[in-house]
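A.B. asks: Make a model of this:
(one chain, ligands or ions: 4)
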Amino acid sequence: MTSFPYLFSCQNMPVFFFLVCIGVTDAGMVALGNGLSYLQSLDVSYCRKLTDKGLKAIAEGCCNLRSLHLIGCRFITDGLLQTLSKHCCNLEELGLEGCSNITDTGLTSLVDGCRSIKFLDVNKCSNVGDVGVSSVSRACSSLRTLKLLDCYKVGDESIFSLAQCCKNLETLVIGGCRNISDESIKSLAASCHSLKHLRMDWCLNLSDASLSCILSQCRKLEALDIGCCEEVTDMIFNGLGSGGFQSSLKVLKVSNCPKISVMGISILLESCKSLEYLDVRSCPRITKVGCDQAGLQFPESCKVNFTGSLSEPDVSL
Ligand SMILES: *[C@@H]1O[C@H](CO)[C@@H](O)[C@H](O)[C@H]1NC(C)=O
Ligand SMILES: *[C@@H]1O[C@H](CO)[C@@H](O)[C@H](O)[C@H]1NC(C)=O
Ligand SMILES: *[C@@H]1O[C@H](CO)[C@@H](O)[C@H](O)[C@H]1NC(C)=O
Ligand SMILES: *[C@@H]1O[C@H](CO)[C@@H](O)[C@H](O)[C@H]1NC(C)=O
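C.D. replies: Ligands and ions are numbered 1, 2, ... in the order given. Okay, the predicted model is just below:
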């Protein structure tokens, strides 16, 4: 596919484009960039052959671009982010999962021009660290979703800057960011009361001190994953229900948290009637028999996963 002749007949519509990626090349992207100045949304995820060359033509030709998804386009570099910054100041959504050549320098130049970003996914971009994330937080105060899965260089400085600048944050993924500590998570809990989805599995340095704050202060929280946070205990549930508030939690994942027991789950259930899924795989102190013996009453529609293998995926946040 090297050109898109049929596109030129629909001049007046905003165009949303999703390409099935068989044979999509840089040459095809150049044709799109030259022909579709009104393009608003492009998803070329998994078009693994694409490079900066084709996508820069999109950025230069399509200044109305609001949403760009490039999952797995591993040849993309900071150069593309610089071009987006110059030409696409309305960009709101950028998906870069697995674009591992992206660095802090690229993110910093991106938000120089693109200050309306609400959704940024840099999952598995392992060169991204605190300098880049802090630039994004400072420039994009309307950020709603930030995904940093396995960005192991990301630490407290990133979380402090989010807490300070991005009060409307709703979804945060920091699974595998092992260098994040209780201090910054406490400040996140105190500032970001809009949080609904929080994935922080494998944050091995976190303890009850911060996770209890998340549960008691982020009252809109609907989904929380603290799987493999090995230090956490039943104490994290103690602040729930303080002042009689009902937790909004629908999904809670505490797989492989060996110190959490049936006692903790019973405290949880007292103030959480909306629970739909509880993941307690590989929690030796929580078994079906133990829950039955303690007389725990799960909400009617709640699924509890006691025994699935951790190496298989279950519901994902
Ligand atoms: C992208 O990163 C890989 C290593 O991860 C490197 O070999 C390659 O040269 C980089 N590509 C560009 C265009 O910078
Ligand atoms: C983790 O944080 C410490 C300081 O808090 C820093 O010295 C260290 O380099 C960080 N590790 C990584 C992998 O970034
Ligand atoms: C977090 O890391 C610090 C510094 O390495 C260490 O002193 C502390 O015990 C760790 N906390 C947890 C809960 O692992
Ligand atoms: C529990 O997790 C396993 C994966 O380990 C998954 O296959 C299964 O569907 C889950 N069970 C429920 C009830 O969600």
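A.B. asks: Now do the helices in this structure.
C.D. replies: For the chain, the helices defined by DSSP state H cover 26-35, 52-61, 78-87, 104-113, 130-139, 156-165, 182-191, 208-217, 262-270, 288-293.
A.B. asks: Ligand 3: which of those helices is closest?
C.D. replies: Minimum separation from ligand 3 across the helices of the chain (Cβ to the nearest ligand atom) falls at helix 182-191, 7.0 Å. Glycine gets a C-beta too; all of them are placed from N, C-alpha and C.
A.B. asks: List the contacts of the nearest residue to Val154 once chain neighbours are set aside.
C.D. replies: Excluding its sequence neighbours, the residue lying closest to Val154 (Cβ to Cβ, 6 or more residues apart in numbering) is Cys177, at 4.7 Å. By Cβ atoms under 8 Å, 6 or more residues apart in numbering, Cys177 lies in contact with Leu148, Asp150, Cys151, Tyr152, Val154, Gly155, Met200, Trp202, Cys203.
A.B. asks: which one of these has the most neighbours?
C.D. replies: Leu148 (29 neighbours; other Cβ atoms under 10 Å).
A.B. asks: ok, Ala294 - how many residues close by?
C.D. replies: 12.
A.B. asks: Next one: it from Gly308, what distance?
C.D. replies: 22 Å (Cβ to Cβ, to the nearest Å).
A.B. asks: now swap in Arg178 and tell me
C.D. replies: Arg178 sits 24 Å away from Gly308, going by Cβ to Cβ.
A.B. asks: what do you get for Cys166?
C.D. replies: Using Cβ to Cβ, we find Cys166 at a distance of 34 Å from Gly308.
A.B. asks: same deal with Trp202?
C.D. replies: Counting by Cβ to Cβ, the gap between Trp202 and Gly308 amounts to 18 Å.
A.B. asks: Would you agree Phe298 is in contact with Ser274?
C.D. replies: No: with contact defined as Cβ atoms under 8 Å, Phe298 does not reach Ser274; the gap is 11.5 Å.
A.B. asks: wait, doesn't Glu92 sit right on Ser116?
C.D. replies: Yes: counting by Cβ under 8 Å, Ser116 is a contact partner of Glu92 at 5.4 Å.
A.B. asks: neighbour-wise, which of these two wins?
C.D. replies: A count of neighbours by other Cβ under 10 Å puts Glu92 above the other of Glu92 and Ser116, at 20 against 17.
A.B. asks: how about the CA coordinates for stretch 173-191, as CSV?
C.D. replies: What follows is stretch 173-191, C-alpha atoms only, in CSV (Å, rounded to 0.1, in the frame of the first residue of the first chain):
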residue,chain,number,x,y,z
VAL,A,173,-0.1,2.9,35.5
ILE,A,174,3.2,2.5,37.3
GLY,A,175,3.4,-1.3,37.5
GLY,A,176,7.1,-2.4,37.6
CYS,A,177,8.4,1.0,38.6
ARG,A,178,10.3,-0.4,41.5
ASN,A,179,12.0,2.7,42.6
ILE,A,180,8.9,4.5,43.6
SER,A,181,8.6,4.9,47.4
ASP,A,182,5.9,5.6,50.0
GLU,A,183,6.8,9.3,50.3
SER,A,184,5.7,10.2,46.8
ILE,A,185,2.6,7.9,46.8
LYS,A,186,1.4,9.6,50.0
SER,A,187,1.5,12.9,48.2
LEU,A,188,-0.3,11.5,45.2
ALA,A,189,-3.1,10.2,47.5
ALA,A,190,-3.3,13.6,49.1
SER,A,191,-3.6,15.5,45.8
